[in-house]
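*Asks:* Please work out how this folds:
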Amino acid sequence: MLFGSFEHQLDEKGRIILPSKLRTALSEKLYIIKGYEGCLSVFCEKDFENYIKKIQELPYNEKLTRDVVRVAMSSVSELIVDKQFRIQLPKEVIERYKISKELTIVGVIDHIEIWNRDKWLEYLALNEQQFDSNSENLLKNE
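*Replies:* Residues are numbered from 1 along each chain as shown. Model (predicted):
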């Protein structure tokens, strides 16, 4: 299970050192894909396969599905974790998603998210305000 948030930096070669607390839960081969609210999502191979299975179950004859599948799948890159526990973000990913040097890495149960730090702080400030009511609404049937 992946959880926590970690402040990191993108180096001049486009590499990120994976947080030590997340390393054991991640495999040597990772997949990065467009996430939600402006982040990038990074999955280990097993969890990425589960994500793809869900996408494959969507009705491709519907335009909404095609739109989501095309955008999602065109954003995928395979990443390899090196011996220093770094991942190299492809230059195209850095440019396409406007990845800055200052980053926050967030563990989100079955994947990690990479956020521009300012964007993460903005997101967090907005959503922490509604955490209580959102949690109550989501968990009321539990």
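
*Asks:* tell me which element the residue nearest in space to the middle of the chain falls in.
*Replies:* Centrality entry for the chain: nearest residue to the mean C-alpha point is S41, 1.6 Å, by Cα atoms, centre = their mean. Following DSSP states H and E, one finds S41 within strand 40-44.

*Asks:* I figured L22 hits I105, correct?
*Replies:* Yes. L22 is within contact range of I105, at 7.4 Å (criterion: Cβ atoms under 8 Å). (Each C-beta comes from the backbone N, C-alpha and C, glycine too.)

*Asks:* and for these two, which residues touch both?
*Replies:* Jointly contacting L22 and I105 under the rule Cβ atoms under 8 Å, 6 or more residues apart in numbering are 6, 112.

*Asks:* okay, these two: which has more neighbours?
*Replies:* Each of L22 and I105 has its neighbours counted (other Cβ atoms under 10 Å); I105 has more, 23 against 18.

*Asks:* now that one: how far from R23?
*Replies:* Distance of I105 to R23, given as Cβ to Cβ, to the nearest Å: 12 Å.

*Asks:* Could you spell out the sheet neighbours of the strand holding S41, each with its direction?
*Replies:* Taking DSSP bridges as the criterion, strand 40-44 forms sheet pairs with strand 29-34 (antiparallel), strand 111-116 (antiparallel).

*Asks:* Done for today, thanks.
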